[in-house]
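Student: Here's my sequence, what's the structure:
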Amino acid sequence: MAEPTKNESDADLRARLTPEQYEVTQHKDTERPFTGEYWNHFDPGQYRCIVCGELLFDSSSKFDAGCGWPSFNEAKEGAIDTHEDRSHGMVRDEIVCHKCGAHLGHVFPDGPTPTGLRYCVNSASIKFQK
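Tutor: Numbering: from 1, shown residues only. The predicted model follows:
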């Protein structure tokens, strides 16, 4: 479970986030593909953690992976931690915010160059900033 920002209770976090944002970031839920706010969003700017505001991705690393979720080929240095995820009969690399531990999505080794990575992120776990 992600840590609420300092001095923020779970009740405060529930009040501040939408039910979907809470379930995705705190209980590792996944939004349905092609439904999130940012899956087809390509304005210049930055994407921050919805829980703590940490800078996670720059729009210059966003690309259309055709998967229905926001996809990035690079995260900001030190912003993302990975953990092995063996849920749903698969082995995947879960990505979480380094600062607060909020669940973001998963990273896969099938992205475009230069990194070869695809950070597949739930829109509910991020907030765009111009």
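
Student: Endpoints of stretch 84-104, how far apart?
Tutor: Terminal residues of stretch 84-104 lie 14 Å apart, using CA to CA, to the nearest Å.

Student: Buried residues of that stretch, list them for me.
Tutor: Using 16 or more other CB atoms under 10 Å as the burial criterion, the residues of stretch 84-104 that qualify are 92, 94-104. Every residue, glycine included, has its C-beta placed from N, CA and C.

Student: Run the chain-centre distance for that stretch.
Tutor: When C-alpha coordinates are averaged (CA atoms, centre = their mean, to the nearest Å), stretch 84-104 and its chain have centres 10 Å apart.

Student: average model confidence for that stretch?
Tutor: Confidence over stretch 84-104 (mean pLDDT, whole number) is 93.

Student: Offset the numbering so it begins at 601, please.
Tutor: Happy to do that; since the first residue is 601 now, the last one works out to stretch 684-704.
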